[in-house]
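Asks: Following is a predicted model, sequence given first.
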Amino acid sequence: MEIRIGEIEYANCTPIFTALKKNFDCSGYHFVREVPSALNAMLSKGEVDVSPSSSIEYGKSFEKYCLMPQISISSIGAVKSVFLFSRIPIENLHKKTIGLTTESDTSVNLLKIILKKKYGHDNEYQRTPLPLKEALQANEGLLLIGDAALKASLSEHHFHVYDLGQQWYEFTGLPFVFALWIVRREAAARKHTEMLLLRDNLLLAKKLAYDSYDSIALDSREREWMSASALVDYWKTISYDLTADHLKGLETFYRYAAEMELIPTQPEISLFS
C-alpha cells in the first residue's frame, strides 16, 4: 500500500529527503510538499499518513499518533533558522506585541514559553504574512522560521536577532525538538509492514545524509540563494537524532506548554515499532 509522506519544503529537511529519494526505492511513497502548519492540518485530517511535523501537533493530539524512533529535526543550541527579530532588546519586550509567522506552530509556542518562563514577559501576539521590515513597522518583534528566517538573517537590517534554539538551550540545557516524524496510528496499523520499511529507510537515510552534506549541497535547490558552504554549515547545526536527551527536552517543552495551557495536557511519548 502507498504511504503518503509529508515533505516540509525547508532547507532543514533537504538532507534527509535527498538521501531517501536518491538511495531507496520510493515508488511506494507519495510525497506532499508543504509548510509545517499546512502539513500539521493534513496529518490531523488523515490526508497524509506520516510527516516530519511540528512537535506541538503531537502534543495537541498524541492519542491518534505515534513517533518514528531515533529521528527528528532538533537543535542542541543554535538552530540558525528560527529567529525572533526585534526593534528593541528581548529584555524590554514585556507587554509588547509580537508578530508571528503563519507557517509555524511549534516555534510560536516555543517563543511564548521563552518570553514567559525565561523573561517573565506577558505579550500580545498576532499572525502576520508580512515580510520582516513591514511586519516590524506594526509590531515590536517578529518570529520567522525556516527559509524565510534564513534569508532574513542573511539580509542587511538593524534589528536585534535571537535564535530560539540557543535561547531554549541557555534556559534548560537541553535539546529542542522542533519537528518529529509523526505517524497516524490508524496508518501505522493498516500499513504496518510498509511503515516498518519506511522506518528502516529513514534511519539509513539519516546516516547517509550525515555523511553526504557536501554532495547534497552541490545539487540542492537552496543553492539559488545560499552558498554550498553556508548550507553545509547550517545542516551541521541541526540534530536529526531523537535520543534520551532529545526526549527529555521534548517532555520539558510539553510540560511548560501544558502549564501555560498551550496544549490540553502533557502527552505520553509513544514510539512506532
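Replies: Everything's here; your move. Numbering: from 1, shown residues only.
Asks: Quick one: the strands in the chain, in order.
Replies: With DSSP state E as the criterion, the chain has strands at 3-8, 29-34, 50-54, 65-75, 82-86, 97-100, 124-127, 141-145, 160-163, 176-184, 238-239.
Asks: C-alpha coordinates for the longest helix along the chain, CSV please?
Replies: Longest helix of the chain, by residue count under DSSP state H: helix 192-210. Output in CSV follows, covering the C-alpha atoms of helix 192-210 (Å, rounded to 0.1, in the frame of the first residue of the first chain):
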residue,chain,number,x,y,z
HIS,A,192,2.4,-1.7,9.3
THR,A,193,4.8,-3.6,7.0
GLU,A,194,5.3,-0.6,4.8
MET,A,195,5.8,1.7,7.8
LEU,A,196,8.5,-0.7,9.2
LEU,A,197,10.3,-0.5,5.9
LEU,A,198,10.0,3.3,5.8
ARG,A,199,11.3,3.5,9.4
ASP,A,200,14.4,1.5,8.4
ASN,A,201,14.9,3.5,5.3
LEU,A,202,14.7,6.8,7.2
LEU,A,203,17.3,5.7,9.7
LEU,A,204,19.6,4.7,6.9
ALA,A,205,18.9,7.9,5.0
LYS,A,206,19.8,9.9,8.2
LYS,A,207,23.2,8.2,8.4
LEU,A,208,23.8,8.7,4.7
ALA,A,209,22.8,12.4,5.0
TYR,A,210,25.2,13.0,7.9
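Asks: Let me see the mean pLDDT of it.
Replies: Helix 192-210 shows a mean pLDDT of 98.
Asks: other SSEs contacting it?
Replies: The contact analysis (3 or more Cβ pairs under 8 Å, 6 or more residues apart in numbering; DSSP states H and E) places helix 192-210 against strand 3-8, helix 14-23, strand 65-75. In this view, the C-beta of every residue, glycine as well, is placed from N, C-alpha and C.
Asks: what about 10 Å?
Replies: Using 3 or more Cβ pairs under 10 Å, 6 or more residues apart in numbering; DSSP states H and E as the contact criterion, the elements in contact with helix 192-210 are strand 3-8, helix 14-23, strand 29-34, strand 50-54, strand 65-75, strand 176-184, helix 185-190, helix 228-237.
Asks: Give me the distance between residue 102 and residue 238.
Replies: Separation of residue 102 from residue 238 (Cβ to Cβ, to the nearest Å): 23 Å.
Asks: before we move on, what about residue 81?
Replies: 8 Å.
Asks: residues shared between the contacts of those two?
Replies: Taking Cβ atoms under 10 Å, 6 or more residues apart in numbering as the contact definition, residue 81 and residue 238 share the neighbouring residues 11, 12, 73, 75, 165, 178.
Asks: With pLDDT and distance to residue 154 as extra columns, can I get these in JSON lines?
Replies: Formatted as JSON lines, the shared contacts of residue 81 and residue 238 follow (pLDDT from 0 to 100; distance: Cβ to Cβ, whole Å):
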{"residue": "11", "pLDDT": "89", "distance to residue 154": "12"}
{"residue": "12", "pLDDT": "91", "distance to residue 154": "15"}
{"residue": "73", "pLDDT": "96", "distance to residue 154": "20"}
{"residue": "75", "pLDDT": "97", "distance to residue 154": "18"}
{"residue": "165", "pLDDT": "97", "distance to residue 154": "17"}
{"residue": "178", "pLDDT": "95", "distance to residue 154": "20"}
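Asks: What are the phi and psi values at residue 174?
Replies: The phi and psi values for residue 174, taken as degrees, to the nearest 10, are phi -120, psi 160.
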